[in-house]
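Enquirer: turn this into a model:
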Amino acid sequence: MTERFLSHMQAEEMEYLRTFHGVIHRDKARNCEIHKTLNVEPLLRRERSQLRLFGHVSRMSQERLSRLVLLAKPTGKRLRCRPRPRWSNCISDLVWSHLGVEPAELSEIAIGRAVFRILLGLLSPRPSPEEKRA
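Expert: Residues are numbered from 1 along each chain as shown. Predicted structure coming up:
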């Protein structure tokens, strides 16, 4: 993801949270205050769904095309500019920065569905129904 796209996604997320909380821009409430009152960490929903997809693909059999694409190492001459980021590198950086899990251990953890689900649960707490009503 580019920085510009990430910025747009975060703006959309905050717009949703402000609407959900009933705060408008004229109230001048800070984003961190909204995150604290809703008990939500500023992690994009897209990142969580990418991790879920990674777990799903890593549990596939070795012959599946999706799994082969995930494990592929491109060969040949690369462009003169900066190399394009791979999806697996983005996933590794995401898990390392938010959970502190080594990228080498990630695929082993993802094979165990129950453990990986618990790991995803650590990412961002969602507000309970009682907190939503308050």
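
Enquirer: for the rest of this, base every contact and every neighbour count on C-alpha atoms.
Expert: OK.

Enquirer: please enumerate the helices of the chain.
Expert: Secondary structure of the chain (DSSP state H): helices located at 3-21, 31-38, 45-58, 65-71, 87-99, 103-111, 113-121, 129-133.

Enquirer: which of those sits closest to residue 79?
Expert: Nearest to residue 79, of all the helices of the chain, is helix 87-99, at 17.8 Å by C-alpha to C-alpha.

Enquirer: counting by contacts, list what the closest one packs against.
Expert: Helices and strands touching helix 87-99, by 3 or more C-alpha pairs under 8 Å, 6 or more residues apart in numbering; DSSP states H and E, are helix 45-58, helix 103-111.

Enquirer: could you list the low-confidence segments of the protein?
Expert: 1-3, 41-46, 85, 123-134 (pLDDT under 70).

Enquirer: nearest residue to the middle of it?
Expert: residue 47 (1.5 Å; C-alpha atoms, centre = their mean).

Enquirer: for that one, list the residues it contacts.
Expert: residue 94 (C-alpha atoms under 8 Å, 6 or more residues apart in numbering).

Enquirer: now the one 4 residues further on
Expert: Contact partners of residue 51, counting by C-alpha under 8 Å, 6+ apart, are 91, 120.
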